[in-house]
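> Here's my sequence, what's the structure:
(2 chains)
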Amino acid sequence: MEYIIEMLNMRKEFSGIVANDDLTLQVKPGEIHALLGENGAGKSTLMSILFGLYQPDRGTITVRGREVKVNNPNVANALGIGMVHQHFKLVHNFTVTENIILGMEPVKGGRIDIRTSAQRIAEISKQYHLSVVPEAIIEDISVGMQQRVEILKMLYRDAEILIFDEPTAVLTPHETLELMGIMKKMTAVGKTIVLITHKLKEIKAVADRCTIIRKGKTVATLDVASTTEEKMAELMVGRKVNFKLEKKPANPGGEVLRIEDLNVKDQRGVNLLKNINLSVRSGEIMGVAGVDGNGQSQLIEAITGLRKITSGRMLLKDKDISNLTVRQRNETGVGHVPEDRHKRGLVLDFTLKDNLILETYYREPFSFFGILQKDAIDSHAEVLIREFDVRSGQGGQTLARSMSGGNQQKAIIAREVDRSPELLVVAQPTRGLDVGAVEYIHKRLLEERDKGRTILMFSLELDEILNMSDRIAVMYEGEIVGIVNASETDENQLGLMMAGAGERSLHG
Amino acid sequence: MGNLLAMINNNRVQTIVVPVISVALGFLIGAVVMLLTGHNPLEAYTALLKGAGLLGDVKRFGDTLLSMTALILTGLSVAFAFRTGLFNIGVAGQMLMGGFVAVYIGVKFSLPWAIHFPVAVIAAVVAGALWALLPGLLKAKYRIHEVVTTIMMNWIALWSVYYFVPTLIPGHFNTESKSINPTASLRTEWLTDLFQGSNVNIGLFLALLAAIIIWLILEKTTFGYELKAVGFNPHAAEYAGMKVGRNMVFSMMIAGALAGLAGAVFYLGYCSKCCPLGFGLYCSSVDNCHGRLI
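Now for the predicted structure:
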């Protein structure tokens, strides 16, 4: 048996959209096999087929040399296939042990036999160095530990083939290293791992082989050891990728945003933001790094007016904006590229041109005594579409919903940049975008910086933070634990700070 | 074939073709059922068209327009709320309150025609809007779902009118009001004559006018732009600096105003009395509601 999983010539179509065109994936037993591709290339669809969530239109699946039909996830479980989803599927108010045994609880005398299962979990976690606290409640433990619970869930069910869907997206660099160690230990005892990712560095670090897919087709399967990151990127995108951002040294001017002792509490009085102090100058990009959920969203909302602050103040060019409404802040000069473009950034059922006036519709030239001025709106859309290279089926008339993620994001950035705000708060500017769009958006933001704009950029991608920022603030549990110069730091130092080991002395 | 597919996929064509095909299929399936049960569909459909006045009977055609009048407005009320993200299931109550206020003014006041009926209509519009205000506020302030509150308001409207009609404007029976003064009526001689005695009235024009105004508001004004943005995506509207709660209240009130207008045209144009038992829409489906328990 050369391959433990073979998916040959898979095809899957969703009402006219071909997600998988002709995909072949061959995984050898005991290897870590990376599945690399841009967003929308068909990775998730392929794995969902293997896990029994979708039925393929064509193609065969062979597991351990036998052709199988995976009609539903139970079949996949029976075949020893387990999946760690990107968004964990855990019961938040259950303990670690309860979550792991959920669905196959050992019963003794009509009661759940927690003791036996706890023992078995302890054995497994010792074997793979998966440290968890068995009696802890899920909502009290770190994201890294939650992920280990997900892994234990699969191991507890004796899964032999483990699929990891973008597992490092939610981890600190240190936790990522730990996870890689765990993966290696699993393959050492004969388990097989399929790793879905778009991070080339991780593939290089941990995978044995790599299958690259583009637009629903398998492009190549490579031995990772004998290839380079550049080569893999080129295959993934279909053209040469410029890794190095052309970035001139920053030329910062005067202070534009000043945050003083900002505190935000939720309704229960829990601190969401604690004594935030931050000063950002014109002509610089201040990156805000941190593991997801450490107060970044609350800080964005506080600055842009979407959340009430408890105490402290925020000054934009010496004007106190702490208690202004969203609209007043917009007019004072705050631009905002929101972290969730579908929730906040766009009205998906509006056309592109209507979305481009979302914050300015009530002002001239778009409104004249309350009447929308069609000509002004149309020509405004045309200008922005051309300038920012927003591609859509029917120009300004296109429904925002039908546009690709990259073009939706370009439209939002066009709208916000066009208002020429003093301060641009940019959150997750390239989340879920393909390499081409990422390149464009990065270039554009740097251009804005060079024009003297103040940019506060929140991102979960450390590479993006390191490449784009001039200075970097790191958040941990609602606090800024340190501010460092981008040129004087590296992933390791940031990683430590993101895990709470801050150096509060490096202000300004 | 390719051309045909392209045409069907065209959005503009679809907006026309889809309803037409739906109605045609409805007739077709109805015909099949009739055939299976041993009836003649041709005969039935001929009677249907004849009843609607589409085969040349002018009075019946007028009556069809009459039924249409209230339905345009109640439909507009629901549709408007939908466009702005709200499910106004309280049209019946808003309509009833509008109708009650219109009839009250029609009974209690005697004014010249040119003043009397406009005052009654406007009062009905205001009453409908106010009846929708509370659900709007509850939704905006506490996110209490409007389906629940508007249904409750329907029952409050029903029993209030049931109480106030015999107390304030009693008619011959406990369950109906006194007839309105002719100066408050929406009926006009020329329309009645034109349609050979049908009760079709200037409410029809008010309904068409309302439809045009609503379209203008939604498509051409910044106010409509805001209402739609809030309806489609309140989070994005908030992000853009719009007052989400205030727009929800406005939206409910406009929907209520349309329902109130429906009440006015129904009770001032058709019934001439207020017959509280039963909601407006049921009322309009019955040929004659003069003094009946509906």
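> Only C-alpha atoms from now on, for both contacts and neighbour counts.
OK.
> Just confirm B:Gly245 contacts B:Ala140, I think it does.
Yes: with contact defined as Cα atoms under 8 Å, B:Gly245 and B:Ala140 form a contacting pair (4.3 Å).
> Now list whatever residues contact both of those two.
Taking Cα atoms under 8 Å, 6 or more residues apart in numbering or on different chains as the contact rule, B:Gly245 and B:Ala140 touch no residue in common.
> Report the residue ranges of every domain in the chain.
Reading this off chain A. According to automatic domain parsing, chain A is divided into the following domains: A:5-237, A:243-333+A:421-508, A:345-419.
> looking at chain B here, not the other one
Here the domain parsing of chain B from automatic domain parsing is B:1-51, B:57-285.
> Now that we have those domains, can you turn them into a markdown table and tack on mean pLDDT, mean neighbour count and distance to A:Ile5?
A markdown table is the format used below for these (pLDDT from 0 to 100; neighbours: other Cα atoms under 10 Å in any protein chain shown; distance: least, Cα to Cα, whole Å):
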| stretch | mean pLDDT | mean neighbour count | distance to A:Ile5 |
| --- | --- | --- | --- |
| domain B:1-51 | 85 | 12 | 41 |
| domain B:57-285 | 87 | 22 | 44 |
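> do you know which of those lies nearest A:Gln328?
A:Gln328 lies closest to domain B:57-285 among the domains of chain B, at 8.0 Å (Cα to Cα).
> one step back: okay, the domains of chain A in CSV with mean pLDDT, distance to chain B and mean neighbour count next?
Below are these laid out as CSV (pLDDT from 0 to 100; distance: least, Cα to the nearest Cα, whole Å; neighbours: other Cα atoms under 10 Å in any protein chain shown):
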stretch, mean pLDDT, distance to chain B, mean neighbour count
domain A:5-237, 88, 13, 19
domain A:243-333+A:421-508, 89, 4, 19
domain A:345-419, 91, 4, 19
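> Of all those domains, which one is nearest B:Leu194?
Of the domains of chain A, nearest to B:Leu194 by Cα to Cα is domain A:345-419, at 38.6 Å.
> sorry, back to before: is it possible to get the domains of chain A out as TSV so that each row also shows distance to B:Asn88?
Formatted as TSV, the domains of chain A follow (distance: least, Cα to Cα, whole Å):
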stretch	distance to B:Asn88
domain A:5-237	33
domain A:243-333+A:421-508	28
domain A:345-419	21
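> Please work out how many residues are found near A:Val241.
Per other Cα atoms under 10 Å in any protein chain shown, the neighbour tally for A:Val241 reads 16.
> how far away is B:Ser179 from B:Ala79?
B:Ser179 sits at a distance of 32 Å from B:Ala79 (criterion: Cα to Cα, to the nearest Å).
> For B:Arg12, see how far away the nearest residue to B:Glu219 once chain neighbours are set aside is.
Spatial nearest neighbour of B:Glu219, excluding adjacent residues (Cα to Cα, 6 or more residues apart in numbering or on different chains): B:Tyr225 at 7.1 Å. Relative to B:Arg12, B:Tyr225 is positioned 21 Å away (Cα to Cα).
> Show me which residues of the stretch 151-294 of chain B sit near chain A.
Applying Cα under 8 Å from any Cα of the partner chain, we find that the stretch 151-294 of chain B lies next to chain A at B:220-223, B:229, B:232-233, B:235-242.
> Which members of those residues occur in helices, if any?
B:220, B:222-223, B:229, B:232, B:235-239 (DSSP state H).
> isn't there a strand covering A:Cys210?
Yes: under DSSP: H, G, I helix; E, B strand; the rest coil, A:Cys210 sits within a strand.
> How about the secondary structure of the nearest residue to it once chain neighbours are set aside?
Once flanking residues are discounted, A:Cys210 sits nearest to A:Ala34: 4.5 Å by Cα to Cα, 6+ apart. Here A:Ala34 is recorded as strand under three-state DSSP.
> quick one: contacts for the residue positioned nearest the centre of chain B?
Centroid-nearest residue in chain B: B:Thr74, 2.0 Å away (criterion: Cα atoms, centre = their mean). By Cα under 8 Å, 6+ apart, B:Thr74 lies in contact with B:91, B:95, B:258-259, B:262.
> a markdown table for those residues, including distance to A:Glu448?
Formatted as a markdown table, the contacts of B:Thr74 follow (distance: Cα to Cα, whole Å):
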| residue | distance to A:Glu448 |
| --- | --- |
| B:Val91 | 52 |
| B:Met95 | 56 |
| B:Leu258 | 49 |
| B:Ala259 | 52 |
| B:Ala262 | 55 |
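> Just the residues you listed: which are in helices?
Residues of those located in helices (DSSP H): B:91, B:95, B:258-259, B:262.
> who's in contact with the residue of the stretch 1-150 of chain B found nearest chain A?
In the stretch 1-150 of chain B, the residue found nearest to chain A is B:Arg83; the distance is 10.9 Å by Cα to the nearest Cα. Residues near B:Arg83 by Cα under 8 Å, 6+ apart: B:228, B:231-232.
> Kindly report the same for A:Leu8.
A:23-26, A:59-61.
> Repeat that for A:Met468.
For A:Met468, the contacting residues are A:285, A:287, A:442, A:446, by Cα under 8 Å, 6+ apart.
> Only C-alpha atoms, please: export the helix or strand containing A:Ala437 in CSV.
Secondary structure from DSSP states H and E places A:Ala437 in helix A:435-450. Written as CSV, here are the backbone C-alpha positions of helix A:435-450 (Å, rounded to 0.1, in the frame of the first residue of the first chain):
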residue,chain,number,x,y,z
VAL,A,435,-1.7,36.9,-2.9
GLY,A,436,-2.4,39.4,-5.7
ALA,A,437,-4.8,41.4,-3.7
VAL,A,438,-2.6,41.2,-0.6
GLU,A,439,0.3,42.7,-2.6
TYR,A,440,-1.9,45.5,-4.0
ILE,A,441,-3.3,46.4,-0.6
HIS,A,442,0.0,46.4,1.1
LYS,A,443,1.5,48.6,-1.6
ARG,A,444,-1.4,51.0,-1.4
LEU,A,445,-1.2,51.3,2.4
LEU,A,446,2.5,52.1,2.2
GLU,A,447,1.8,54.7,-0.4
GLU,A,448,-0.7,56.3,1.9
ARG,A,449,1.9,56.3,4.7
ASP,A,450,4.4,58.0,2.4
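> what about stretch A:247-264, how long is it end to end?
With Cα to Cα as the measure, the ends of stretch A:247-264 fall 35 Å from one another.
> contacts for it?
The contact list for stretch A:247-264 (Cα under 8 Å, 6+ apart) reads A:271-284, A:298, A:308-318, A:422-423, A:446, A:449-450, A:452, A:454, A:470.
> Helices - which of these land there?
A:298, A:446, A:449-450.
> rewinding a little: who are the packing partners of the helix holding A:Ala437?
Judged by 3 or more Cα pairs under 8 Å, 6 or more residues apart in numbering or on different chains; DSSP states H and E, helix A:435-450 is in contact with helix A:405-418.
> Contacts for the helix it packs on, please.
Contacts for helix A:405-418 (Cα under 8 Å, 6+ apart): A:335-337, A:341, A:345-346, A:352, A:356-357, A:384-385, A:388-392, A:400, A:424, A:429-430, A:432-434, A:437-438, A:441.
> same deal with stretch A:450-464?
Under the criterion Cα under 8 Å, 6+ apart, residues A:169, A:250-253, A:256, A:280-292, A:296, A:421-429, A:449, A:465, A:469, A:491 lie in contact with stretch A:450-464.
> next one: stretch A:342-360
With contact meaning Cα under 8 Å, 6+ apart, stretch A:342-360 is reached by A:327, A:330, A:337-338, A:366, A:377-378, A:380-381, A:395-401, A:411-412, A:414-415, B:229, B:232-233, B:235-241.
> can you give me the helices for the stretch 1-150 of chain B?
B:2-9, B:11-36, B:41-51, B:58-83, B:91-108, B:113-142, B:146-168 (DSSP state H, counting those that start in this stretch).
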